[in-house]
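Engineer: Just need the structure, nothing else, for what follows:
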Amino acid sequence: MTIFLREATVADAEAVMRLHLRCHEEAYGRHLPPEFFDLWRQTLPGRIENLEKSIVAGHIPTVACDGQGLVGVAAVGHSEDPRAPRPLELRMIYTLERVHGRGLASALYSPHGPGGCGRVS
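Structural biologist: This is a model prediction of the structure:
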């Protein structure tokens, strides 16, 4: 299945935050108690609102989509460390297990990744 990269919009904020939660559940669900994820679900409205504000302010993540919806997200930002080797740093990168091994994380992080668009596979 083909995966496309594009800039997120405010309309994507809820789907991005639900993807973020799902990726954490896939990665850490066997290591953390269910109550941890219950708390995440309770705080989801605030997380969505924060992402909407961030996108409006110009901090726009890149999302990866296939025919079933969002499958990945990445965001970069200016480093706050004056000694950082590069001016930008990776702030988040998440992909669903079902797309692991297809090069999506590399595409999201590549020079054409966050802030870029295109087709992955």
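
Engineer: Mind naming the longest helix for the protein?
Structural biologist: Ranked by number of residues, the top helix in the chain under DSSP state H is helix 34-56.

Engineer: so how far is it off the chain centroid?
Structural biologist: With C-alpha atoms, centre = their mean, to the nearest Å as the basis, helix 34-56 stands 13 Å off its chain's centre.

Engineer: Now that helix: buried residues?
Structural biologist: Neighbour-count burial for helix 34-56, with 16 or more other C-beta atoms under 10 Å as criterion, is recorded at F37, W40, R47, I48, L51, E52, S54, I55. C-beta: built from backbone N, CA, C; applies to glycine.

Engineer: want to throw those residues into a markdown table with distance to V71 and pLDDT?
Structural biologist: Supplementary listing: the buried residues of helix 34-56 in a markdown table, determined by distance: C-beta to C-beta, whole Å; pLDDT from 0 to 100:
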| residue | distance to V71 | pLDDT |
| --- | --- | --- |
| F37 | 20 | 94 |
| W40 | 19 | 92 |
| R47 | 19 | 96 |
| I48 | 19 | 98 |
| L51 | 17 | 97 |
| E52 | 21 | 98 |
| S54 | 21 | 95 |
| I55 | 19 | 96 |
